[in-house]
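Q: the following comprises the amino acid sequence and a computationally predicted model.
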Amino acid sequence: AVASGCVLDAAANTSYYPNYMPAGRITYGELNSQLRSVENYNSRTLGRVVLGAQGTFGFLGHDWSFKAYGEHGENHYFNMLQHILATPYYNAAIDAVQINSANQSDPQLRAVGIGQSDFTLATLNALPTLPIGTIICRSPQARSVGCAPADLIGTGNLSEAARRFIQGSGNSGSNSNGNYKRYPWQIVHQRQEVLDFGASTPDLFETWAGKVSLFWGLTYREESFNVRTDCASRGNCANDTFGGMTFGPAGNPLLTPAGAGIPGVIGGAPLPPLNPTPNWYAGNFQQTKGNYHVTEMALETNIPLWNDDQFGTFVLNLAGREAVYSTAGWVSTWKVGTTWDTPLPGFRLRALQSRDVRAPNLSELYGAPRVNNGSVTDRFTVPGFNGGLPGGSVSPLPNPITSNPALQVERGQTTELGFVYSPDWLPGFNSSVTYYRLAVKGQITTYSQQQQMDICYNNGSPGATPGSLAQCAYFFTGATSWVTNGALNNLATT
């Protein structure tokens, strides 16, 4: 069960709540203990076919060993959140009203049939009235999709019909993407293709200190994925089926349609489409797809520079890799390393300097927009923030997260120095000490919700450091973005 809150108002003609509160208005918190606990169901099926070969061949007067393989892999992942709240359904079910002599003629409280799509005043007035004493959901749109009024106060008062309306059931609903009940779900299909060839020789040529070895290789790799989801996660189920009901182009009147984008433009480009008011309390999986491929060539060699009993053995290791990504372009990496087996038995020194990269993965490039719900310290309501008095309020805010198909590679530098000591006089003893330094440029990451709040405050509040309002645009108060037409919406932040 999840916690929620509402305002109980005796003057609003609610059906259940005057029994507990004859007059007045109070704020009421509810743990929803009468609802079923959310269950996260998932399954994964992995298939992989690999065909490989290895052997030797002669080239340029040297013997070469090679290994080659081709691989095709697929991963199918299914995820479903059972008994999660459908937020518009929940809100509609707890907003119940009892028919009495004063409201019986209200056109909004007439006998709306299941599947009705016309809610004009003339159409509603033509419908029959309901008997006095009947308890119904206040919204005619909710009643058209089978809304059952819910009494959440106390224990044992929630009907099974209301619970099933709020949380779904194990046997209701199918849609064009499959039959997975009335729950949020996603099906992820991933595919990978690999062709790899590598060859090496231990004696390309010989120096005064020993034989020089060489490895070279070629690799082609392709990865793709696509995600299918339930219609309520994407919008209002237009031309689809939800909860056992099929809807036309107008969609389910109780669900929020898919958004055309977050209001406002940041950096000259519209923000990606998102549903600003999610239909599910959590889940709200979005459909997406994407692919990339990369071609790589690698070389590596070990060159002995010194080898005698007086000074030990000193070997230089050099490696380089050229990679061409269909998304991030051409990148180069390299490594220079040395090892020195000193005259002291069992004592080896080593050092390494390398340039490294990490290309963005499919999720970072093409992952579907998602909305995280969390609590943060709302800087806009903290008295004296930035050096003033401590304190503040915590406000749960929906925080949309998006991918970025324009991401480039992360670039890093690695430095290592160290030694290994394995003395002959103490069998089984091994020790090592390593100093390393890592530097990363262009890191691919996401901000935490609190970081986004802080950046929004520092960039958007009067007198604060000026900057981009991009982070503010991802916060909403209700369905109102904190950025409207490229400017901070002060009403939404308070």
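A: Received the coordinates, thanks.
Q: and the helix or strand hosting residue 433, how far out from the chain's middle?
A: Under the criterion DSSP states H and E, the helix or strand holding residue 433 is strand 431-441. For strand 431-441, the gap between its own C-alpha mean and the chain's C-alpha mean amounts to 31 Å (CA atoms, centre = their mean, to the nearest Å).
Q: what does it rub up against?
A: 410-422 (CB atoms under 8 Å, 6 or more residues apart in numbering). Any C-beta I mention is one placed from the backbone N, CA and C, and that applies to glycine too.
Q: how about a cut-off of 6 Å?
A: Strand 431-441 is touched from outside by 410-421, with contacts defined as CB atoms under 6 Å, 6 or more residues apart in numbering.
Q: can you go through those residues and name the buried ones?
A: Among the contacts of strand 431-441, those that count as buried by neighbour count (16 or more other CB atoms under 10 Å) are 410-412, 420-421.
Q: is it possible to get TSV of those that adds distance to residue 166, secondary structure and pLDDT?
A: Rendered in TSV, the data for the buried ones among the contacts of strand 431-441 read as follows (distance: CB to CB, whole Å; DSSP: H, G, I helix; E, B strand; the rest coil; pLDDT from 0 to 100):
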residue	distance to residue 166	secondary structure	pLDDT
410	44	strand	94
411	50	strand	95
412	49	strand	95
420	63	strand	95
421	66	strand	94
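Q: need those residues in a markdown table (columns: distance to residue 317).
A: Supplementary listing: the buried ones among the contacts of strand 431-441 in a markdown table, determined by distance: CB to CB, whole Å:
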| residue | distance to residue 317 |
| --- | --- |
| 410 | 24 |
| 411 | 21 |
| 412 | 19 |
| 420 | 15 |
| 421 | 21 |
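Q: on that earlier part again, in its sheet, what does the strand holding residue 433 sit against?
A: Here strand 431-441 is paired, per DSSP bridges, with strand 410-421 (antiparallel).
Q: remind me which residues of this structure are low pLDDT?
A: 1-31, 170-181, 259-277, 370-374, 380-400, 459-471, 473-481, 484-486, 489-494 (pLDDT under 70).
Q: and the longest helix for it?
A: Ranked by residue count under DSSP state H, the longest helix found in the chain is helix 449-460.
Q: tell me the buried residues in it?
A: For helix 449-460, the neighbour count (16+ other CB under 10 Å) marks 449, 452-460 as buried.
Q: from residue 205, how far out is residue 334?
A: 22 Å (CB to CB, to the nearest Å).
Q: try residue 309
A: Residue 309 sits at a distance of 24 Å from residue 205 (criterion: CB to CB).
Q: what about those two, which has more around it?
A: Each of residue 309 and residue 205 had its neighbours counted (other CB atoms under 10 Å), and the higher figure belongs to residue 205 (10 against 7).
Q: number of residues surrounding the closest residue to the more buried one other than its chain neighbours?
A: Leaving aside its chain neighbours, residue 205 sits nearest to residue 212 (5.4 Å; criterion: CB to CB, 6 or more residues apart in numbering). In terms of burial, residue 212 registers 17 neighbours under the definition other CB under 10 Å.
Q: residue 212: which element?
A: In this structure, residue 212 is located in strand 210-229 according to DSSP H and E.
Q: which elements pack onto that strand?
A: Using 3 or more CB pairs under 6 Å, 6 or more residues apart in numbering; DSSP states H and E as the contact criterion, the elements in contact with strand 210-229 are strand 185-207, strand 288-308.
Q: if you set the cut-off to 8 Å instead, what comes out?
A: Helices and strands in packing contact with strand 210-229 are listed as strand 185-207, strand 288-308, helix 362-366; criterion 3 or more CB pairs under 8 Å, 6 or more residues apart in numbering; DSSP states H and E.
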